[in-house]
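**Student:** heads up, no residue letters with this:
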């Protein structure tokens with residue numbers, strides 16, 4: 001039994017209003033906070049005139065309950081009263097991924113950025129793994145301790161399953177064993193662009209014996225020429241004798257199918273549905289204007305750029321796409 005699983009005990013009432021410890025059985029990760037002088041903080045919040053103190057001096061993260069960090073006490077769940085901290089500096093999310101696991105991400109919303117593992121991100125999201133650190137420049141640092149550690153996907157033979165965080169170098173990219181999604185013919189892993197210092201998604205496709213590499217590069221060739229907010233972008237493509245590697249823009253919000261099915265009522269409100277449909281139609285018009293037909297459009301192939309309501313969407317998985325869409329598709 002870990003410390004996160006232990007029963008919490010009432011604490012002495014040294015606060016006003018009354019004080020008790022909050023139990024969080026659905027916690028999937030905790031973030032240990034450290035100030036610039038090296039001190040850790042206990043976390044307390046006030047709910048209905050009761051001070052709720054989380055144990056173990058950490059922020060607790062649950063699915064559907066993001067941690068909002070910033071200077072404004074009216075909108076943030078954790079307040080840092082430093083002038084260098086934005087009103088809402090960043091959000092830390094946990095969502096259910098299509099693999100059945102938990103995907104943790106940090107979204108920067110600040111004016112001066114967030115430093116993740118010594119690399120600054122600005123106005124974007126990044127996947128957070130066990131042991132990673134999130135630092136607000138000149139202020140506090142948060143280290144992630146996951147309750148449920150990642151287990152490599154059994155369908156991927158590229159990585160040694162006995163080593164939970166094994167890696168592989170492909171060009172300037174470092175592919176990790178952290179699986180973001182799976183399909184019938186491919187797996188998607190978290191990768192690092194060592195030149196641009198950014199996270200990307202690497203789609204790994206096992207090549208068939210005697211296959212035509214030019215034909216296999218069809219998806220990448222199509223996507224590398226496309227630049228639209230609603231189209232998942234391809235940065236690079238590589239291959240070896242066994243696998244095809246496609247480096248894609250990272251989306252940290254999961255896919256639309258998982259988003260809908262894990263929604264409170266398993267459906268979206270009218271306004272959100274309209275917003276998603278509008279983006280989808282804009283992306284489809286962009287494709288059709290270039291005579292490209294996706295041919296496999298479904299919620300599983302629509303990614304969310306970052307977690308949260310009214311998400312920005314991106315059309316992905318062009319494996320069945322074809323150019324010259326005005327031509328009749330032959331069957332048989």
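**Tutor:** All right, it came through fine. This is a predicted model, so every value here is computed, not measured. Numbering: from 1, shown residues only.
**Student:** and the helix or strand containing residue 281, how far from the chain's centre?
**Tutor:** Residue 281 belongs to helix 270-289 when assigned by DSSP states H and E. Offset of helix 270-289 from its chain centre (C-alpha atoms, centre = their mean, to the nearest Å): 22 Å.
**Student:** against which helices or strands is the helix or strand just after that helix packed?
**Tutor:** Using DSSP H and E, the helix or strand that follows helix 270-289 in sequence is strand 292-293. Using 3 or more C-beta pairs under 8 Å, 6 or more residues apart in numbering; DSSP states H and E, the elements in contact with strand 292-293 are strand 322-323. Backbone N, C-alpha and C define where each C-beta goes, glycine included.
**Student:** hang on, the earlier thing: go through the helix holding residue 281 and flag the buried ones.
**Tutor:** By 16 or more other C-beta atoms under 10 Å, the buried positions in helix 270-289 come out as 275, 276, 279, 280, 283, 284, 286, 287.
**Student:** in a strand, residue 215, correct?
**Tutor:** No - under DSSP: H, G, I helix; E, B strand; the rest coil, residue 215 falls outside any strand and is assigned helix.
**Student:** and it, how many residues sit next to it?
**Tutor:** 8 (other C-beta atoms under 10 Å).
**Student:** okay, and the beta partners of the spatially closest residue to residue 297 that is not a sequence neighbour?
**Tutor:** Of all residues beyond its chain neighbours, the one nearest residue 297 is residue 315 (7.2 Å), with distances taken as C-beta to C-beta, 6 or more residues apart in numbering. Note on residue 315: beta-bridge partners residue 231, residue 302, judged by DSSP bridges.
**Student:** re earlier: lowest-confidence entry in the buried residues of helix 270-289?
**Tutor:** Among the buried residues of helix 270-289, residue 287 carries the weakest pLDDT, at 92.
**Student:** which pLDDT value belongs to the nearest residue to that one once chain neighbours are set aside?
**Tutor:** Nearest in space to residue 287, with sequence neighbours left out and distances taken as C-beta to C-beta, 6+ apart, is residue 294 at 6.3 Å. pLDDT for residue 294: 89.
**Student:** is it true that residue 294 touches residue 286?
**Tutor:** No - the criterion here is C-beta atoms under 8 Å, and residue 294 misses it with residue 286 at 11.1 Å.
**Student:** who touches both of the two?
**Tutor:** Contact criterion C-beta atoms under 8 Å, 6 or more residues apart in numbering; residues shared by residue 294 and residue 286: none found.
**Student:** re the thing from before, what helices and strands are in contact with the helix holding residue 281?
**Tutor:** With contacts taken as 3+ C-beta pairs under 8 Å, 6+ apart, helix 270-289 sits against strand 313-315.
**Student:** residues touching the strand it packs on, excluding its own?
**Tutor:** The contact list for strand 313-315 (C-beta under 8 Å, 6+ apart) reads 229-232, 249, 251, 256, 276, 279-280, 283-284, 287, 294, 297, 301-305.
**Student:** what of stretch 274-287?
**Tutor:** 226, 228-231, 256, 268, 293-294, 297, 302, 310-315.
**Student:** so how far is stretch 266-274 off the chain centroid?
**Tutor:** 22 Å.
**Student:** for the record, mean pLDDT for it?
**Tutor:** Here stretch 266-274 scores 91 as its mean pLDDT.
**Student:** returning to that earlier point: between the buried residues of helix 270-289, which sits nearest residue 243?
**Tutor:** Taking C-beta to C-beta as the measure, residue 243 lies nearest residue 287 of the buried residues of helix 270-289, at 26.9 Å.
**Student:** now the closest one: how far from residue 138?
**Tutor:** With the distance defined as C-beta to C-beta, to the nearest Å, residue 287 ends up 44 Å from residue 138.
**Student:** looking at residue 18 now. What's its pLDDT?
**Tutor:** You'll see residue 18 listed with a pLDDT of 34.
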